[in-house]
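can't give you the sequence, but here's the structure:
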């Protein structure tokens with residue numbers, strides 16, 4: 001798997017990039033590419049993981065998670081669960097990771113849009129749960145994927 005991570009994510013989980021100084025383009029056709037960012041919604045620490053090809057978003061609570069290894073296991077479990085929901089298999093036990101910095105401005109912008117939506121829904125409107133935040137994000141059309149919904153696009157891509 002390839003994780004494109006933000007500086008905030010690197011700092012929080014003390015992970016080093018696999019190829020320092022290299023800027024590799026994000027491949028928008030890979031099933032194993034994800035972008036990750038660390039945020040706080042109020043006092044709640046979260047990791048937002050967005051699938052590079054479909055913009056499918058996972059929101060992972062990070063309270064008490066200090067090491068990259070612990071977060072890695074949580075992320076793999078959530079990906080396996082998501083794949084199963086879409087009728088596909090994912091083996092979390094046989095995965096290796098390459099950590100790279102985020103460089104795709106379009107993907108960074110899409111993630112920032114999702115985070116703004118999370119902040120708005122959690123504070124201005126109502127205090128909705130993380131599962132509902134995920135669901136709303138995955139049903140939101142994004143310009144970067146030609147105004148398709150991430151949930152539908154991931155389903156099509158996994159078939």
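On my side now, so go ahead. Predicted, not measured: the structure shown is a model, and the values here were computed from it.

what ranges does the protein have for its strands?
Per DSSP state E, the chain carries strands over the ranges 2-5, 33-41, 44-51, 57-61, 98-101.

partner strands of the first one, with direction?
Sheet pairing of strand 2-5 (DSSP bridges) gives strand 33-41 (parallel), strand 98-101 (parallel).

which stretch in those has the least confidence?
Per-stretch mean pLDDT for the strands paired with strand 2-5 is lowest at strand 98-101 (a mean of 89).

give me the contacts around that one.
By C-beta atoms under 8 Å, 6 or more residues apart in numbering, the residues outside strand 98-101 that reach it are 1-7, 10, 15-19, 22-24. C-beta coordinates here come from the backbone N, C-alpha and C atoms, glycine included.

which pair in those spans the largest distance?
Using C-beta to C-beta, those span at most 19.9 Å, a distance reached by 1 and 7.

how about the contacts made by residue 121?
Residue 121 sits in contact with 128, 132-133, 136, where contact means C-beta under 8 Å, 6+ apart.

ditto for residue 106
residue 144.

roughly how far does it sit from residue 113?
11 Å (C-beta to C-beta, to the nearest Å).

re earlier: deepest in the core, which of the strands paired with strand 2-5 is it.
strand 33-41 (a mean of 21; mean count of other C-beta atoms under 10 Å).

picking up where we left off before, dump the strands paired with strand 2-5 to CSV, plus distance to residue 60.
Shown next, in CSV, are these (distance: least, C-beta to C-beta, whole Å):
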stretch, distance to residue 60
strand 33-41, 9
strand 98-101, 16
